[in-house]
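> Build me a model:
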Amino acid sequence: MATIDTPVKTSAGGSGHAPVRAPRARRGRPGSRLWVKVVVALLLVVEVYPMIWMFLTSLKSNDDYLNNSTWSLPTTWEWGNYTEAWTTGHIGLYVQNSLLAVVPALALMLLLGTAAGFALQVMVWKGRSLTLLVFLAGMMVPPQMILLPLFTVYFQTGLSGTLWPLILTYTGTGLPLTVFMMATYYRSVPRELFEAATIDGAGILRAFWTISLPLVRNALLTVGLVQFFFIWNDLLIALTFTNNQDLRTIQVGLLNFTGDFGATQYGPLFAAICINVFGTLLIYLFLNQKVMKGLTSGALKG
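The predicted model follows:
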């Protein structure tokens, strides 16, 4: 077997091999690394300090908040503000109402959105591109435009005075974005899996439940968490359709921390805000890695 010889340059000492120099390790400049640390420290202060200030403010009395500096520490640590916010401020009831409205709406939204994304990307049928455009057009409708017609419909159907207006409105307003995101994630699923399932005799429902859902579980978690924060932090829709104090969600309930003549009870108010903020923050920190996997899986073509 013929080979091609390549000439080798000899060194001055007559050796047949050229001297090999060890690669130099690239070291970053100390000044550049210092700037990175400074920027990271500033971002950390911007993100963390407001939460620390909010927590310290929740432990102040009303006189301490009004008479002392905004940046001062509490003179007396009023841990009873959390008890007052939970009992007198009815935060426990408002959290319960939020969960009763958000969880069913989120479940319906994910179920219908995932099924629609599967039908628009995996199944082949006439008019699916036009249907996807219709869902995308729903993202362009401002929620403020549909509040009055929906309020009339809910009143005439007898749904007013319940949580069903919130559940149905949250599901309808969040469905276009859910369908769009799930259809995008289904593009990264290999079609050979569904073809093999069809050859083995699996129907559409079986392919959807047993094959597609396990493949997009990270995407479901990501979309669900994004929609959860949108719904949980909603104020406009909840304020429009909750005409009863016993049905108010936590965002609407935060407006009730007023005393006589409209005086705001700042200690219990900030305690209620801390319960709301840190509760959702714990959920995000617990599911952070799953969310990152879901975000990256939708950007790759399998």
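
> tell me the contacts of T173?
Neighbouring residues of T173 by Cβ atoms under 8 Å, 6 or more residues apart in numbering: P143, I146, I237. The C-beta positions use only the backbone N, C-alpha and C, and glycine is treated the same way.

> I167: which of these is nearest?
The nearest member of the contacts of T173 to I167, counting by Cβ to Cβ, is I237 at 10.7 Å.

> follow-up on the earlier one: return the member of the contacts of T173 nearest to L168.
For those, the nearest to L168 is I237 (10.5 Å; Cβ to Cβ).

> can you count the residues close to that closest one?
For I237, the neighbour count with other Cβ atoms under 10 Å is 23.

> Packing partners of the helix or strand hosting L133?
Assignment of secondary structure by DSSP states H and E places L133 within helix 128-138. Judged by 3 or more Cβ pairs under 8 Å, 6 or more residues apart in numbering; DSSP states H and E, helix 128-138 is in contact with helix 91-121, helix 164-186.

> Can you lay out those helices as JSON lines showing distance to K60 and mean pLDDT?
JSON lines is the format used below for the helices and strands packed on helix 128-138 (distance: least, Cβ to Cβ, whole Å; pLDDT from 0 to 100):
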{"stretch": "helix 91-121", "distance to K60": "18", "mean pLDDT": "93"}
{"stretch": "helix 164-186", "distance to K60": "33", "mean pLDDT": "92"}
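
> what's the most buried one of those?
Per-stretch averages of neighbours, counted by mean count of other Cβ atoms under 10 Å, single out helix 164-186 among the helices and strands packed on helix 128-138, with a mean of 22.

> How far away from the center of its chain is that one?
Put simply, helix 164-186 sits 13 Å off its chain's centre (Cα atoms, centre = their mean, to the nearest Å).

> Next secondary structure element downstream of it?
Next along from helix 164-186, by DSSP H and E: helix 191-199.

> got the angle for that next one vs helix 91-121?
Inter-element angle recorded for helix 191-199 and helix 91-121: 80 degrees (by axes from the mean of the first three to the mean of the last three Cα atoms, to 10 degrees).

> ok, back up a step: how about JSON lines for the contacts of T173, with distance to E78 and secondary structure added?
As requested, the contacts of T173 are exported to JSON lines (distance: Cβ to Cβ, whole Å; DSSP: H, G, I helix; E, B strand; the rest coil):
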{"residue": "P143", "distance to E78": "38", "secondary structure": "helix"}
{"residue": "I146", "distance to E78": "43", "secondary structure": "helix"}
{"residue": "I237", "distance to E78": "34", "secondary structure": "helix"}
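
> For T210, give me its contacts.
Each residue near T210 by Cβ under 8 Å, 6+ apart is listed here: A202.

> Let me know the pLDDT of it.
Listed pLDDT for T210 reads 87.

> CA atoms only for stretch 220-240 - export them in PDB, please.
Output of stretch 220-240 as PDB, limited to C-alpha atoms (Å, rounded to 0.1, in the frame of the first residue of the first chain):
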ATOM      1  CA  LEU A 220     -45.000  21.500  29.800                       C
ATOM      2  CA  LEU A 221     -43.300  22.500  33.000                       C
ATOM      3  CA  THR A 222     -41.700  25.600  31.500                       C
ATOM      4  CA  VAL A 223     -44.900  26.800  29.800                       C
ATOM      5  CA  GLY A 224     -46.900  26.000  33.000                       C
ATOM      6  CA  LEU A 225     -44.600  28.000  35.200                       C
ATOM      7  CA  VAL A 226     -44.600  31.000  32.800                       C
ATOM      8  CA  GLN A 227     -48.400  30.900  32.700                       C
ATOM      9  CA  PHE A 228     -48.600  30.400  36.400                       C
ATOM     10  CA  PHE A 229     -46.800  33.600  37.100                       C
ATOM     11  CA  PHE A 230     -48.900  35.500  34.500                       C
ATOM     12  CA  ILE A 231     -52.100  34.300  36.100                       C
ATOM     13  CA  TRP A 232     -51.000  34.500  39.700                       C
ATOM     14  CA  ASN A 233     -49.900  38.200  39.300                       C
ATOM     15  CA  ASP A 234     -53.000  39.200  37.500                       C
ATOM     16  CA  LEU A 235     -54.900  42.200  39.000                       C
ATOM     17  CA  LEU A 236     -57.100  43.500  36.200                       C
ATOM     18  CA  ILE A 237     -59.200  40.400  35.500                       C
ATOM     19  CA  ALA A 238     -59.500  39.400  39.100                       C
ATOM     20  CA  LEU A 239     -60.600  42.900  40.100                       C
ATOM     21  CA  THR A 240     -63.200  43.000  37.400                       C
END
